[in-house]
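Enquirer: I would like the atomic coordinates for the input below:
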Amino acid sequence: MAGGFNSGLWLLRAAYQYNRLRFSMLRRGLRGRAEFGPRCDVWASCFNFVGQGRAVFGPGCIVERGPFPLVLEIAAGGLVQFREDVWVRGKYRPNVITCFEGAAVSIGAGSLINGAIISARTQVTIGKKAMLSWNTTIIDSNHHPLDNDEPLAARPVAIGDYVMIGAGATVLAGATIGGHSVIGAGSVVAGDIPDHAVAAGSPARVIRRIGDRDQCL
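Expert: Sure thing, here's the model as predicted:
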């Protein structure tokens with residue numbers, strides 16, 4: 001029994017040592033495109049980067065070991081910024097962030113994203129200690145013109161501090177979500193949600209008011 005435990009512990013340590021080597025190689029290969037602050041813990045096999053834009057990870061960011069990766073697709077001139085202590089978890093779905101040319105995505109300090117899709121043609125801003133559940137989708141454009149005479153529409157999205165977005169929710173172009181608010185699972189946010197609100201439905205409507213939320217879990 002003890003021997004089996006020790007063998008398992010040795011294998012775990014070996015895996016983490018191997019990951020440190022892979023992460024070091026990853027950093028060298030992405031020099032000039034991806035920056036990692038001190039105390040970052042990135043599981044290299046769960047990190048995919050495509051494009052000539054930039055990704056910046058603040059101190060203490062984590063890309064967790066799991067079944068699904070973080071996929072960054074960042075065009076030239078695009079910037080994806082993870083503030084300090086952002087936790088990226090791929091337990092149920094991959095996290096996919098697409099940043100078009102000249103666009104920007106900012107994820108606030110202490111936030112958790114777990115299987116979300118974020119697409120920015122202009123700007124997507126997420127506050128501190130926010131939580132994005134699996135299958136959350138945030139897009140700041142309609143991606144395709146509706147007809148030949150209508151141009152592609154893109155408007156920034158702003159999500160406040162301490163916001164929790166439930167599984168399968170969608171946040172559309174131009175939407176704003178105030179701080180300390182909760183968006184119900186499967187909801188579609190197409191307008192403005194005030195601070196300290198629980199909103200649900202399609203389109204999402206305020207169904208009650210709540211007090212402060214001081215954590216992302």
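Enquirer: pLDDT weak spots in the protein?
Expert: Residues of the chain that meet the criterion pLDDT under 70 lie in 1-8, 12, 215-217.
Enquirer: which parts of it are helices?
Expert: Counting by DSSP state H, one finds helices in the chain at the ranges 2-29.
Enquirer: next, the contact list for Met25, please.
Expert: The neighbourhood of Met25, defined by CB atoms under 8 Å, 6 or more residues apart in numbering, consists of Ala44. (Glycine included, C-beta is placed from N, CA and C.)
Enquirer: so how far is Leu72 from it?
Expert: Summarising the geometry, the distance separating Met25 from Leu72, computed by CB to CB, to the nearest Å, is 17 Å.
Enquirer: repeat for Glu101
Expert: As for Glu101, its distance to Leu72 is 15 Å (criterion: CB to CB).
Enquirer: more neighbours: which of those two?
Expert: Leu72 (24 against 13; other CB atoms under 10 Å).
Enquirer: contacting residues for the closest residue to that one other than its chain neighbours?
Expert: Among residues not flanking Leu72 along the chain, Phe49 sits closest, at 4.8 Å (CB to CB, 6 or more residues apart in numbering). When contacts are counted by CB under 8 Å, 6+ apart, Phe49 touches Leu30, Arg33, Ala34, Ala55, Leu72, Ile74.
Enquirer: name the nearest residue to the first one, ignoring sequence neighbours.
Expert: It stands for Leu30. Excluding the flanking residues, the one nearest Leu30 by CB to CB, 6+ apart is Phe49, at 5.9 Å.
Enquirer: same check on the last one?
Expert: For Ile74, the nearest residue in space outside its immediate sequence neighbours is Gly53; the separation is 3.1 Å by CB to CB, 6+ apart.
Enquirer: done for today, thanks.
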